[in-house]
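Peer 1: For reference, the sequence and a predicted model appear below.
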Amino acid sequence: MLDKVVTSGTFSLDGGTWDVDNNVWLAGDAREVVVIDAAHDARAIAERVGGRAVRAIVCTHAHNDHINAARELAGLTGAPIRLHPADQVLWEQVYGDAVPYEPLADGEKLEAGGVTLEVLHTPGHSPGAVCLHAPDLGVLFSGDTLFKGGPGATGRSYSSFDTIVASIRERLLTLPPETVVHTGHGESTSIRAEAPHLEEWLARGH
């Protein structure tokens, strides 16, 4: 039902560039999938997809390292690109107005191969950041909103610490504690593991 490809490249914003490894998640079955975050290497992602139909290429947010393979992957698969429109300014930094996407809406449900993904708008890391909740699988795809060890970074343009904290508290920590959190970078975690950690992290005044 779930598959992962780790791709490598760079993340650039505010004049800086960093080397990053990204988790690209595939949710679905043997016939069709949704690709979550087309990062760096469209060919590697398409290879993992294999002969399956791609119902959508969902961007959890529009930082370049999460979308820089989306155009090529869409060309290879014929799948629509989906993004929350609040990240338009970041999308334009990569693609201008040359690559269309279909807007994601909070509460929208996406389906592929018997897997239902509910879109949760969780701004903070970026204005249009979303997480995807698959309640039947007990899984959350958190993009860069929540990691093992705390919230995603908010020290760059178009980000807000107060906003990401509100998103995590109100939208994510209310999910079942046993929910597995598959992140945009690094190791997976769980809501149970991160809830107390987040409170301690906040108490330190970061």
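Peer 2: Yep, it's here.
Peer 1: Output the helix ranked longest in the chain as CSV, nothing but the C-alphas.
Peer 2: Determined from DSSP state H, the single longest helix within the chain is helix 191-203. Output in CSV follows, covering the C-alpha atoms of helix 191-203 (Å, rounded to 0.1, in the frame of the first residue of the first chain):
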residue,chain,number,x,y,z
ILE,A,191,1.9,11.4,16.9
ARG,A,192,2.4,9.7,20.3
ALA,A,193,6.1,10.2,20.1
GLU,A,194,6.0,13.8,19.1
ALA,A,195,3.2,15.2,21.3
PRO,A,196,5.2,15.4,24.5
HIS,A,197,8.4,16.2,22.7
LEU,A,198,6.7,19.2,21.0
GLU,A,199,5.5,20.5,24.3
GLU,A,200,9.0,20.3,25.8
TRP,A,201,10.4,21.9,22.7
LEU,A,202,8.0,24.8,23.0
ALA,A,203,8.7,25.2,26.7
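Peer 1: which other helices and strands contact it?
Peer 2: strand 150-151 (3 or more CB pairs under 8 Å, 6 or more residues apart in numbering; DSSP states H and E). For the C-beta atoms, the positions are set from N, CA and C on the backbone; glycine is no exception.
Peer 1: what does the strand it packs on contact?
Peer 2: 124, 125, 145, 161, 164, 165, 168, 194, 197, 198, 201 (CB atoms under 8 Å, 6 or more residues apart in numbering).
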